[in-house]
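J.: generate coordinates for the sequence data below:
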Amino acid sequence: QLQLVESGGGLVQPGGSLRLSCAASGGSLDYYAIGWFRQAPGKERAGVSCISWSDDNSYYADSVKGRFTISRDNAKNTVYLQMNGLKPEDTAVYYCARLGLFRPCVLFDYEYDYWGQGTQVTVSS
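T.: Residues are numbered from 1 along each chain as shown. Predicted structure coming up:
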């Protein structure tokens with residue numbers, strides 16, 4: 001059974017950076033697109049970024065373009081989300097999730113079949 005575990009969250013001041021990791025066990029991430037989502041208190045879960053299974057395309061929500069970068073290391077079975085220029089409105093629980101085999105990237109959460117437990121990111125002075 002595939003398990004996804006996020007890490008790297010924490011408390012950071014506005015303008016700061018964090019790098020989130022999504023490590024997989026019990027299965028390979030090869031040939032699977034991986035997405036990052038976030039859910040702020042009182043809000044619905046929203047797509048943040050997705051990296052294609054072939055690692056040649058990445059997608060970002062408008063709110064994070066130019067600040068966040070998604071990457072993957074298939075040898076480590078891990079996907080990363082580098083977050084720079086963090087803002088208070090980036091505060092949320094961040095989740096990684098897996099799309100089906102060879103599926104192209106989308107940022108609709110109902111398309112994803114495996115989810116991690118989430119990691120809290122708090123941006124505050």
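J.: give me the number of residues near Glu111?
T.: 17 (other CB atoms under 10 Å). C-beta: built from backbone N, CA, C; applies to glycine.
J.: ugh, typo on my part, it should be Ser63
T.: By the criterion of other CB under 10 Å, Ser63 has 13 neighbours.
J.: leaving out sequence neighbours, find the closest residue to it.
T.: Glu89 (7.6 Å; CB to CB, 6 or more residues apart in numbering).
J.: quick one: strands adjacent to the lengthiest strand in the chain?
T.: Scanning the chain for the longest strand, with DSSP state E as the assignment, gives strand 92-101. When sheet partners are counted by DSSP bridges, strand 92-101 sits next to strand 32-39 (antiparallel), strand 114-115 (antiparallel), strand 119-123 (antiparallel).
J.: that one: how far from the chain's middle?
T.: The chain centre lies 6 Å from the centre of strand 92-101; the measure is CA atoms, centre = their mean, to the nearest Å.
J.: same question for it, mean pLDDT?
T.: Strand 92-101 carries an average pLDDT of 96.
J.: now stretch 16-28
T.: 97.
J.: other residues contacting it?
T.: 1-10, 12, 34, 36, 74, 76-86, 94, 96, 98, 116, 119, 121, 123 (CB atoms under 8 Å, 6 or more residues apart in numbering).
J.: which of the strands paired with strand 92-101 is buried the deepest?
T.: For these, the largest average neighbour count (mean count of other CB atoms under 10 Å) is found in strand 32-39, namely a mean of 24.
J.: outside of the next helix or strand after it itself, which residues are in contact with it?
T.: Next in sequence after strand 32-39, counting helices and strands by DSSP states H and E, comes strand 46-51. With CB under 8 Å, 6+ apart as the test, strand 46-51 has contacts from 33-39, 57-61, 64, 68, 70-72, 79, 81, 94, 99, 105-109.
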